[in-house]
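> compute the structure for the input listed below.
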Amino acid sequence: MRRLRPILGRLGLVLAAALLTLLVLELALRWLGPPFHSRSLDDKRLFTRFDPELGWANRPGVSGGYLGAGYIHGVRHSAAGLRDEEHEVGKPAGVRRVLVLGDSMVWGLGVENDEIFPRRLEHRLAGTEVIAMGTSGYGTDQELLWFSRDGARYRPDVVVLALYLANDLRDNISSRRYSRNKPRFVLDADGALRLTGTPVPADRSWWRDRVINGIMDPIRRHSALHRLVEGRRHRLHERLRHRAWYRSWFGDPVGGDWTDMYREGEPPQWLARALELTGRLVAELDRRVEAGGGDLEVLLLPHAVAGEPGAWDNWLDAVGLDPTRHDPDATRRRLGQSLQQQGIPVLDPAGVMRGSDEPLYLPEDEHLNPLGHAMIADLLAKRLTTSNKTR
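Now for the predicted structure:
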């Protein structure tokens with residue numbers, strides 16, 4: 001024991017010196033750096049709960065504030081778990097009902113409840129009730145399952161499926177996303193959809209939830225130093241993630257990278273598989289919407305690098321990609337053409353968005369800002385006013 005005391009004493013001094021150094025750096029950043037604001041935890045952990053059929057679902061009736069990357073806004077869910085007003089299940093007589101399905105782009109991460117594009121859309125369409133079903137982190141598979149379980153009972157005349165290809169394609173071929181288990185569809189040999197992974201097993205990772213997050217959450221929320229280091233790490237990761245040697249060391253279980261979506265030519269295997277499955281999921285949703293007497297419209301929401309004015313060239317330069325071998329519209333165009341060949345209407349707003357004179361995405365985020373939501377509402381309103389689709 002006597003021999004251990006000097007060693008433990010030295011370790012204690014090293015630890016104390018390290019903590020003191022971190023404290024000094026933290027104070028220096030607070031004093032000399034940009035204004036610092038604490039942030040809330042992950043939106044999915046705050047505003048959703050476990051669901052054995054869907055993986056997770058919005059918490060009904062929840063309300064509170066959310067502090068994100070450079071923004072703060074309120075959140076209010078209806079009794080049905082929608083970030084929306086209260087809606088009767090029965091459709092009012094003489095009212096056209098539109099249901100919008102999507103992930104955090106529809107839920108409206110970064111903006112207020114009344115700024116999300118489904119709420120703005122309702123104000124632009126006379127005699128129309130718009131119901132917003134956005135759940136942060138959802139893929140097309142979960143949206144299909146939610147519609148079948150809960151959405152179809154609203155008897156919508158039109159269903160708008162907002163496909164955010166920056167992550168929906170990867171979500172659809174994954175059984176675990178955002179540190180949570182989820183259901184997954186697979187294609188049988190005859191091309192039929194088969195649901196797997198249900199009932200969804202509850203995530204029982206107590207070590208991560210109770211120990212790791214218990215220690216890290218206060219640091220993530222309140223430390224300027226942690227945010228600086230994490231930001232630098234993220235930027236380095238974005239610059240290197242498309243390189244073959246980096247993928248071989250830190251590859252995604254899906255087997256690819258989202259930058260593959262912008263490569264010209266034949267898509268890599270993971271992307272081809274994701275496109276095929278997503279196309280089948282949309283076709284199945286179209287079938288179920290039509291069975292209920294409604295029509296499906298697909299909205300292809302672009303990632304910020306493909307939709308923000310001037311962002312494409314800056315992004316190519318930042319990550320070192322060859323502009324002659326990449327196209328901002330490659331995957332959206334491929335999926336859009338495939339859906340249109342099946343008779344499913346598609347709205348791709350990327351070209352109009354890139355022509356905007358103002359930013360459409362949050363500066364420290366990849367979600368739409370209030371102006372971006374307003375533009376999408378305008379484009380959808382025009383589409384739903386002039387569309388006279390016949391089957």
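
> neighbours around the closest residue to residue 138 other than its chain neighbours, how many?
In space, and not counting its chain neighbours, residue 138 is closest to residue 103: 4.6 Å by C-beta to C-beta, 6 or more residues apart in numbering. C-beta: built from backbone N, CA, C; applies to glycine. By other C-beta atoms under 10 Å, the residues close to residue 103 number 25.

> so, low pLDDT: which residues of the stretch 201-350 of the chain?
Counting by pLDDT under 70, the ranges of the stretch 201-350 of the chain that qualify are 204-210, 238, 241-242, 244, 247-248, 250-256.

> let me redo that: the stretch 51-200 of the chain
Using pLDDT under 70, nothing in the stretch 51-200 of the chain is flagged.

> please name the nearest non-neighbouring residue to residue 344.
Among residues not flanking residue 344 along the chain, residue 286 sits closest, at 5.4 Å (C-beta to C-beta, 6+ apart).

> quick check, the one you found in contact with residue 292.
No: the pair residue 286 / residue 292 is not scored as a contact, 11.2 Å apart, by C-beta atoms under 8 Å.

> when the two are compared, which one has more neighbours?
More crowded of residue 286 and residue 292, by other C-beta under 10 Å: residue 286, with 23 against 16.

> for residue 135, see how far away the more buried one is.
20 Å (C-beta to C-beta, to the nearest Å).

> buried set for stretch 85-93?
Applying a neighbour-count criterion of 16 or more other C-beta atoms under 10 Å, one finds residue 87 buried in stretch 85-93.

> got it, and stretch 313-324?
Neighbour-count burial for stretch 313-324 flags 315-316, 319, 321 (criterion: 16+ other C-beta under 10 Å).

> how long is that stretch from one end to the other?
End-to-end span of stretch 313-324 (C-alpha to C-alpha, to the nearest Å): 11 Å.

> all strands for this protein, in order.
48-51, 55-58, 63-67, 72-76, 96-102, 128-134, 158-164, 176-177, 180-181, 184-187, 193-196, 295-301, 346-347 (DSSP state E).

> sheet partners, orientation included, of the second one?
Spelled out, that is strand 55-58. Paired strands of strand 55-58, with direction, are strand 48-51 (antiparallel) (DSSP bridges).

> contacts for the strand it pairs with next, please.
Strand 48-51 is contacted from outside by 56-59, 135-137, 200, 202-203, using C-beta atoms under 8 Å, 6 or more residues apart in numbering.

> could you rerun that using 7 Å?
56-59, 135-136, 202 (C-beta atoms under 7 Å, 6 or more residues apart in numbering).

> just the buried members of those?
Counted by 16+ other C-beta under 10 Å, those give 56-58, 135-136 as buried.

> rebuild these as TSV, extending it with distance to residue 335.
Putting those into TSV (distance: C-beta to C-beta, whole Å) gives the following:
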residue	distance to residue 335
56	25
57	26
58	27
135	21
136	22
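
> can you list the residues that contact stretch 31-47?
With contacts defined as C-beta under 7 Å, 6+ apart, stretch 31-47 is touched by 30, 56, 58-59, 62, 66-68, 75, 77, 104, 109, 136-137, 178, 217, 221-222, 224.

> could you tell me which of those residues belong to helices?
Counting by DSSP state H, those place 30, 104, 217, 221-222, 224 in helices.

> relative to residue 150, which of these is nearest.
residue 104 (18.5 Å; C-beta to C-beta).

> surely residue 83 meets residue 136?
No: with contact defined as C-beta atoms under 7 Å, residue 83 does not count as touching residue 136 (9.4 Å).

> for the two, list the residues in contact with both.
residue 107.

> domain assignment for this protein?
1-33, 43-204+254-386 (automatic domain parsing).

> out of the ones in helices among the contacts of stretch 31-47, which is nearest to residue 160?
Distances from residue 160 to those, taken by C-beta to C-beta, are shortest for residue 104, at 15.8 Å.

> thought that closest one was touching residue 366?
No: Residue 104 is beyond contact range of residue 366, at 9.6 Å (criterion: C-beta under 7 Å).

> what about the nearest residue to residue 22 once chain neighbours are set aside, neighbour count?
Excluding the flanking residues, the one nearest residue 22 by C-beta to C-beta, 6+ apart is residue 225, at 6.5 Å. Residues within reach of residue 225, counting by other C-beta under 10 Å, total 18.

> hang on, the earlier thing: let me have the strands of the chain in a markdown table, extended by distance to residue 237.
What follows is these, written out as a markdown table (distance: least, C-beta to C-beta, whole Å):
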| stretch | distance to residue 237 |
| --- | --- |
| strand 48-51 | 26 |
| strand 55-58 | 26 |
| strand 63-67 | 24 |
| strand 72-76 | 26 |
| strand 96-102 | 26 |
| strand 128-134 | 27 |
| strand 158-164 | 20 |
| strand 176-177 | 18 |
| strand 180-181 | 21 |
| strand 184-187 | 26 |
| strand 193-196 | 30 |
| strand 295-301 | 23 |
| strand 346-347 | 32 |
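
> nearest to residue 258, out of those?
Nearest to residue 258, of all the strands of the chain, is strand 158-164, at 11.2 Å by C-beta to C-beta.

> name the strands paired with the closest one and say parallel or antiparallel.
strand 96-102 (parallel), strand 295-301 (parallel).

> which one is residue 195 nearest to, not counting chain neighbours?
residue 185 (5.6 Å).

> tell me the contacts of the one you found?
Each residue near residue 185 by C-beta under 7 Å, 6+ apart is listed here: 141, 193-195, 277, 281.
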